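Undergrad: build me a structure from this.
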Amino acid sequence: MIGPMIHQMLRRDDLWRLVAEISRVDAAAARPAARALEEGRVDGLLDSPMALEAVRGQGGPPAPLPLTLLWYVPVRAALSKRGIPDIDLADFTATLAVLFSAVSVSRRVARGERALSAWSNSIDALPPGTVGRGERAAECGALALWWAGCFPEAVQRRGGRGMVRAYVTFASSAFELAARTVAQRVPDTSAMYHRAAARTEDLCGALSEARADYLGPDAADPARRLARFLERFLDKGDVRH
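TA: Numbers count the residues shown, from 1 in each chain. Presented below is the predicted three-dimensional model:
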């Protein structure tokens with residue numbers, strides 16, 4: 001079942017690489033960052049404004065850091081800005097971007113209402129009240145949220161106006177179903193899905209804000225992604241060289 005995984009995936013070497021990137025931006029800021037890491041205050045390091053600036057690459061190409069950090073730090077900042085301090089929700093939202101970018105989803109490309117119908121049918125095919133049904137709902141809701149947050153232009157292009165909101169609404173309902181179904185088996189995960197269902201629109205907004213910085217608009221189009229990277233190189237230059 002998909003849940004918050006970023007903190008579990010982070011290695012100490014990854015965090016020291018983040019400190020090194022902070023040092024490139026501001027050597028003085030790297031000292032408190034290193035101290036926070038040495039003292040075990042990982043969230044203090046990840047939540048720092050300098051971590052966000054370092055991850056964004058100072059206007060140039062994204063920092064040479066793992067995807068876990070490239071997604072988690074800006075998603076966490078975007079949710080905090082929206083008044084949502086929930087670390088698990090930030091971790092869960094960033095996990096979707098890392099997880100789905102690492103596997104082939106070409107067979108599940110968003111195609112408007114057909115995708116929603118396919119996901120709904122996939123959930124309904126499993127017996128009501130079963131853990132399997134809850135897990136399927138969680139996966140389908142996560143896919144809908146990922147598409148709506150990271151590729152809203154593609155969702156709208158294939159499904160028409162209002163389709164992004166339809167995806168977000170579907171994701172919220174799917175998360176609520178997942179929460180109810182797995183409540184007895186995994187109460188902590190169930191509680192997280194309840195919170196995700198209540199704030200799905202904010203989670204979508206955080207994903208969209210995070211992807212816009214280094215993927216650019218219409219990130220589902222490879223040519224547009226390439227244009228975004230070239231724009232950053234040519235207009236800003238790589239400040240690390």
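Undergrad: going forward, measure contacts between C-alpha atoms and count neighbours the same way
TA: Will do.
Undergrad: so what pLDDT did the spatially most central residue of the chain get?
TA: Centroid-nearest residue in the chain: Ala94, 2.8 Å away (criterion: Cα atoms, centre = their mean). Looking at Ala94, its pLDDT reads 96.
Undergrad: any idea which element it lies in?
TA: Element membership of Ala94, judged by DSSP states H and E, is helix 87-101.
Undergrad: list the buried ones in that helix?
TA: For helix 87-101, burial by neighbour count (16 or more other Cα atoms under 10 Å) applies to Ile87, Asp88, Leu89, Ala90, Asp91, Phe92, Thr93, Ala94, Thr95, Leu96, Ala97, Val98.
Undergrad: ok, back up a step: which ones are touching the residue nearest to the centre of the chain?
TA: Residues in contact with Ala94, defined by Cα atoms under 8 Å, 6 or more residues apart in numbering, are Ile6, Thr68, Trp71, Tyr72, Val75, Leu207.
Undergrad: same thing with Leu207?
TA: Val75, Thr93, Ala94, Trp146, Gly149, Cys150.
Undergrad: same question for Arg199.
TA: Ser172.
Undergrad: can you give me the offset of stretch 62-70 from its chain's centre?
TA: Relative to its chain's centre, stretch 62-70 lies at 13 Å (Cα atoms, centre = their mean, to the nearest Å).
Undergrad: residues contacting that stretch, please?
TA: 6, 9-10, 14, 17-18, 21, 54-57, 94-95, 98, 214.
Undergrad: returning to what we had before: out of the contacts of Ala94, which is most surrounded?
TA: Of the contacts of Ala94, Leu207 is surrounded by the most neighbours, 30 neighbours in total, counting by other Cα atoms under 10 Å.
Undergrad: mind checking the SS state of that one?
TA: Counting by DSSP: H, G, I helix; E, B strand; the rest coil, the backbone at Leu207 sits in helix.
Undergrad: distance of it relative to Asp26?
TA: Leu207 sits 27 Å away from Asp26, going by Cα to Cα, to the nearest Å.
Undergrad: could you do Ala77 as well?
TA: Taking Cα to Cα, one finds Ala77 at 19 Å from Asp26.
Undergrad: okay, these two: which has more neighbours?
TA: Taking neighbours as other Cα under 10 Å, Ala77 and Asp26 compare with Ala77 leading, 23 against 14.
Undergrad: once you drop chain neighbours, what's closest to the more buried one?
TA: Asp47 (6.9 Å; Cα to Cα, 6 or more residues apart in numbering).
Undergrad: phi first, then psi, for that neighbour.
TA: phi -90, psi 0 (degrees, to the nearest 10).
Undergrad: surely it meets Ala78?
TA: No: counting by Cα atoms under 8 Å, Asp47 does not reach Ala78; the two are 10.7 Å apart.
Undergrad: settle it for me: which of those two has more neighbours?
TA: Per other Cα under 10 Å, whichever of Asp47 and Ala78 has more neighbours is Ala78, with 22 against 17.
Undergrad: so who does that one touch?
TA: Ala78 sits next to Ala206, Glu209, Ala210 when contact means Cα under 8 Å, 6+ apart.
Undergrad: report the separation between Arg82 and Arg199.
TA: Applying Cα to Cα, the value for Arg82 to Arg199 is 10 Å.
Undergrad: check which residues of stretch 3-12 are buried.
TA: By neighbour count with 16+ other Cα under 10 Å, stretch 3-12 contains the buried residues Gly3, Pro4, Met5, Ile6, His7.
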